[in-house]
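Enquirer: Okay, sequence plus prediction incoming.
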Amino acid sequence: MNEVMLTGDSYTLVYNVLSFGTAVMLGAFVYFLTQINSVSKAYRSGVAVSAIVVGIAGYHYFRIFSGFANGEMNEGYRYADWLITVPLLVIELLIVLGVAPAARKKLMQRLVPATVAMIALGYPGEVSTESGTKWLWWVLAMIPFVYILWVLNGELKAASSRESGAVSSAIKNATIVLLVTWCVYPIAYLFPVFDDTSETLEVIRQVGYTIADITAKALYGLMILGIAKARTAQEN
């Protein structure tokens with residue numbers, strides 16, 4: 001747990017962004033709960049997982065926001081959140097892509113441990129104050145990170161190619177959001193390496209993490225819901 005060193009407008013901006021992130025996650029949680037029955041039974045678990053993801057994120061963002069308001073920044077809450085929600089993001093995607101149960105199980109057995117390894121490897125570098133240590137753990141965490149994106153990108157492209165119309169379009173949009181959003185995390189992670197005394201870089205890092213989380217969880221959940229609704233309409 002680190003003491004917040006931001007002051008003035010820098011402090012206010014991060015404070016407001018964390019408050020906004022909390023509100024978005026909790027609002028999305030309620031919305032996804034109301035939408036579970038709007039899709040066919042085969043995809044309801046995917047929408048339910050979306051609700052769980054933003055609900056967990058909302059709790060952790062509230063804890064981060066509360067600590068920040070009291071002058072403390074606990075990055076452990078982010079990693080606790082990611083450790084739970086990132087595997088769930090993978091699971092919800094595989095559900096709505098229509099991957100056969102047997103194939104889905106095999107993919108989960110590969111991807112879920114990779115997500116856990118990615119988060120676990122990133123944490124020591126996140127809390128370290130030494131640039132060399134940050135670089136070491138960043139490189140190690142990037143190994144499962146690249147593997148996960150490579151596999152998911154392949155699954156998304158395969159699903160898009162076998163679909164048509166609204167379903168195909170929704171999957172393509174989800175692919176773009178997935179690839180762009182996930183790439184924000186390793187970039188923001190490295191900002192302290194460049195200058196760990198810069199308020200500007202710390203603000204960019206915190207804002208970047210929050211925007212990426214909102215996009216990867218709340219917005220991505222909306223896209224997952226869109227795929228599920230498109231599939232439901234196609235099947236009826």
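Expert: That came through fine. Numbering: from 1, shown residues only.
Enquirer: In this structure, which residue sits furthest out from the middle?
Expert: residue 236 (31.5 Å; Cα atoms, centre = their mean).
Enquirer: For it, which non-adjacent residue is closest in space?
Expert: Once flanking residues are discounted, residue 236 sits nearest to residue 40: 7.8 Å by Cβ to Cβ, 6 or more residues apart in numbering. C-betas here are computed from N, CA, C, even on glycine.
Enquirer: OK, contacts around that neighbour?
Expert: Contacts for residue 40 (Cβ atoms under 8 Å, 6 or more residues apart in numbering) come out as 228, 231, 232, 235, 236.
Enquirer: and for the helix or strand encompassing residue 176, what are the contacting residues?
Expert: In this structure, residue 176 sits in helix 165-189 according to DSSP states H and E. Defining contact as Cβ under 8 Å, 6+ apart, one finds that helix 165-189 is touched by 93, 97, 122, 125-126, 134, 138, 141-142, 145, 149, 152-153, 156-157, 159-160, 163, 204-205, 208-209, 211-212, 215-216, 219-220, 223-224, 226-227, 230-231, 233-234.
Enquirer: Measure how buried residue 41 is and give me the count.
Expert: 8 (other Cβ atoms under 10 Å).
Enquirer: Also the one 5 residues further on?
Expert: For residue 46, the count of nearby residues is 23 (other Cβ under 10 Å).
Enquirer: on that earlier part again, distance of the residue nearest to residue 236 relative to residue 91?
Expert: Residue 40 sits 18 Å away from residue 91, going by Cβ to Cβ, to the nearest Å.
Enquirer: For residue 129, grab phi and psi.
Expert: Backbone torsions of residue 129, given as degrees, to the nearest 10, read phi -100, psi 0.
Enquirer: pLDDT wise, what is it at?
Expert: Note for residue 129: predicted pLDDT of 82.
Enquirer: need the contact list for it.
Expert: By Cβ under 8 Å, 6+ apart, residue 129 lies in contact with residue 196.
Enquirer: switch the cut-off to 10 Å
Expert: Neighbouring residues of residue 129 by Cβ atoms under 10 Å, 6 or more residues apart in numbering: 2, 192, 196.
Enquirer: what does residue 26 give?
Expert: By Cβ under 10 Å, 6+ apart, the residues touching residue 26 are 54, 55, 57, 58, 59, 61, 62, 218.
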